[in-house]
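Novice: predicted structure and sequence below. I'll ask about it afterward.
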Amino acid sequence: MKRSTRCNRKGSDLPKSTRHRENPIIPIEGGVTAAAGFRAGSTRAGIKASGGEDLALLSSDFDSAAAGTFTTNAIRASSVDWCENLLPTNRIRAVAVTSGCANACTGRRGENDTATLARLTGKAFAIPAESVLHASTGVIGRFLPMNAIAKGIASLAPALSTDGGASFAEAILTTDTRKKEVAVRVKLAGGSITIGGCAKGSGMIEPNMATMLAFITTDAKIAPDRLHAAIRRAVDRTFNLLSVDGDTSTNDMALVLANGASGCAVTSGDRTAFDGGLFMVCDLLCKAIAADGEGATKRVEVAVSGAASAADARRAAKAVANSTLTKCALFGNDPNWGRIACAIGYSGAAFSREKMSIRLCGVPVFKNLQPIGFDEIKIHRLLKEKVVAIDIDLGNGDKAAAAQTCDFSYDYVKINAEYHT
């Protein structure tokens, strides 16, 4: 029987409860303003050299519980420190994003600019600066044009709308080729809630925490500590298994806001359903980032099963996802499974020498530490698809993990060779 690739199995990435009729999770149109009580928008503030939209604001009509995960890079932007020092909390009302300038490695001036930006945003919404989160992305080592940003915030804040989610998602992009936004509706015991989100990311992606920048909103009512635990669980299974080029950014963060506008509280019995919805949003955004990797021609899912531990599954999946040689072979549509096996070998993950196997595009190519005969022309053709599956069974247990990545093309080198200039 012909086996479909993992990436095309609808619903296979979701917890069982998300597919159960009693707890449906339904994808809907929208992004960060899909949930009730959120408004967004963007403007041209003069940050990007291109003159495009580069200042984005997101606001909540109500105080929001908020949490986040942040870059593990020891050199990081002051916006990361600002948010991490505030979260988790239940008093966030706005998020300001500057795109085109990372404001990283900018010393005391950069720290002061972050605080000033939060203060200016707070003033525009008549809220404390401590109720404002800030994210930035772009070139490292450059200062924010604060005079232009001040004018942009003052003019943009009154113009935010419930239809502004797409504008917000577009403005935060840098080398991305398209916006990334999703939303779902989740049925809880007390009613339905909405979870929506958007993200930006195309290169310099090896999160070890979250993603480049991701913003998630929900109209559910949930305590900050429980929201913090939920986003960490979701991020650990999605963005922390995402890699485009193995570089952990100075500015990475994933933020989630819950304003309770639906009137529906997340009870202890709702945890599985809520987690499923949050996972779906993160997972879809994660896959969108991988598909839009700088210069990428295809998204690649590395699915590891049969691991003795979750840690082993993650080690093997990330090693293959980060393998430069594997990613180059994938660009050339070359069924070079030896590079995959090599990455598994140095990953540190335990595997059975007799049972470990590899399937490429659903076709068995390796087992028992030796090759399996296959039609190279057929796999060469399958590797040209926009979504490619690498399935690895370590033959050592029942734990699993799936990493998202993409191929390496000539354009990746060109984009990053010219990024600063």
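Specialist: Yes, it's here.
Novice: got the buried residues for the helix ranked longest in the chain?
Specialist: Ranked by residue count, the top helix of the chain under DSSP state H comes out as helix 271-291. By neighbour count on 16 or more other C-beta atoms under 10 Å, the buried set for helix 271-291 is 271, 273-291. C-beta coordinates here come from the backbone N, C-alpha and C atoms, glycine included.
Novice: now do stretch 108-126
Specialist: 110-111, 113-114, 117-118, 120-125.
Novice: pLDDT of the longest strand along the chain, averaged?
Specialist: The longest strand of the chain (DSSP state E) is strand 55-70. Averaged across strand 55-70, the pLDDT comes to 97.
Novice: which of the buried residues of stretch 108-126 sits closest to residue 88?
Specialist: Set against residue 88, the nearest of the buried residues of stretch 108-126 by C-beta to C-beta is residue 118 (17.3 Å).
Novice: please parse the chain into its domains.
Specialist: The chain breaks down by automatic domain parsing into domains covering 17-291, 299-417.
Novice: okay, the ones you listed, which one's buried deepest?
Specialist: Here the criterion is mean neighbour count by mean count of other C-beta atoms under 10 Å, and of the domains of the chain the winner is domain 17-291, at a mean of 21.
Novice: would you tell me what the next helix or strand after the host helix or strand of residue 80 is?
Specialist: Assigned by DSSP states H and E, residue 80 belongs to helix 78-86. Toward the C-terminal end, the helix or strand that comes next after helix 78-86 (DSSP H and E) is strand 89-101.
Novice: backbone phi and psi for the closest residue in space to residue 86 that isn't next to it in sequence, please?
Specialist: Spatial nearest neighbour of residue 86, excluding adjacent residues (C-beta to C-beta, 6 or more residues apart in numbering): residue 130 at 6.2 Å. Main-chain torsions, residue 130, degrees, to the nearest 10: phi -70, psi -10.
Novice: for residue 130, give me the pLDDT.
Specialist: As predicted, residue 130 sits at a pLDDT of 98.
Novice: tell me the first helix or strand C-terminal of the longest helix of the chain.
Specialist: Helix 271-291 is succeeded, C-terminally, by strand 299-307 (DSSP H and E).
Novice: what segments of the stretch 1-150 of the chain are strands?
Specialist: With DSSP state E, counting those that start in this stretch, the ranges of strands along the stretch 1-150 of the chain come out as 25-28, 38-43, 55-70, 89-101, 132-139.
Novice: can you say which of those strands is nearest to residue 323?
Specialist: Closest among those, using C-beta to C-beta: strand 55-70, at 25.0 Å.
Novice: am I right that residue 76 is in contact with residue 253?
Specialist: No. The pair residue 76 and residue 253 does not pass the contact test of C-beta atoms under 8 Å, sitting 9.4 Å apart.
Novice: could you name every residue contacting both of the two?
Specialist: Counting by C-beta atoms under 8 Å, 6 or more residues apart in numbering, the residues touching both residue 76 and residue 253 are residue 70.
Novice: state the mean pLDDT of stretch 306-318.
Specialist: 95.
Novice: mind listing what residue 37 touches?
Specialist: Contact partners of residue 37, counting by C-beta under 8 Å, 6+ apart, are 60-62, 219, 259, 261.
Novice: mind putting these in CSV, distance to residue 86 included?
Specialist: Listed next are these as CSV, based on distance: C-beta to C-beta, whole Å:
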residue, distance to residue 86
60, 15
61, 20
62, 17
219, 21
259, 16
261, 21
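Novice: which parts of the stretch 101-250 of the chain are helices?
Specialist: Here the stretch 101-250 of the chain has its helices, by DSSP state H, counting those that start in this stretch, at 107-125, 146-156, 165-171, 224-237.
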